[in-house]
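In: structure, please.
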Amino acid sequence: MDCIFCDIVSGKEKAEIIYQDENVISFLDIRPINYGHALVIPKTHYENFHAVSPEDLNSVISVTQKVADAVNKGLSTDGINIIANNGVASGQTIFHFHFHIIPRFKTDAFNYRPVLKSYGSGQMKEFADKIRIAVKK
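Out: Numbering: from 1, shown residues only. Coordinates of the predicted model:
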């Protein structure tokens, strides 16, 4: 399997590592949205959020919080976006689960403002019912 993130974990590829422990590693994104844009990944390969074991997910979430706090303090940000893209339609391009920690500044040009929708009559319940059924399975 060819995975750039697995190569970073194994040391085959270089990265600017900012944190690591036995289960998780965090490093700077080589194509940042803003400088200081960090990634947090489990050292074990999982294709996406849905595949991550509960134990590794807990570790990744804990480290994401730690690194986000460090990015916030270290760079004096005005905010932080924490994003996980899952699947091609969401923008995932590297299929090793990861969180993006994107430092935000009032003056940056990154626009993360989606066009919001409204539910029509009865639609909200319809969608909620579909999700509730799937949760029970």
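In: for Pro54, grab the count of nearby residues.
Out: Counted with other C-beta atoms under 10 Å, the neighbours of Pro54 add up to 7. Glycine gets a C-beta too; all of them are placed from N, C-alpha and C.
In: pLDDT score for it?
Out: pLDDT for Pro54: 97.
In: and the one 4 residues further on, by the same measure?
Out: Among the per-residue scores, Asn58 holds a pLDDT of 97.
In: same deal with Met1?
Out: So, for Met1, pLDDT stands at 69.
In: same deal with Gln123?
Out: 93.
In: got it, and Leu116?
Out: pLDDT at Leu116 comes out at 87.
In: I'd assumed Ile4 was in contact with Ile94.
Out: Yes. Between Ile94 and Ile4 there is a contact at 6.3 Å, judged by C-beta atoms under 8 Å.
In: pull the longest helix from the chain.
Out: helix 54-75 (DSSP state H).
In: and that one, how far from the chain's centre?
Out: Distance, stretch centre to chain centre, for helix 54-75: 10 Å (C-alpha atoms, centre = their mean, to the nearest Å).
In: for the remainder of this discussion, apply numbering that starts at 35.
Out: That works, and once the first residue is 35, the last one we named lands at helix 88-109.
In: who touches the helix or strand following it?
Out: Using DSSP states H and E, the next helix or strand after helix 88-109 towards the C-terminus is strand 113-117. Applying C-beta atoms under 8 Å, 6 or more residues apart in numbering, the contact partners of strand 113-117 are Thr98, Ala102, Val105, Asn106, Phe133, His134, Ile135, Ile136, Pro137, Arg138, Phe139, Tyr146.
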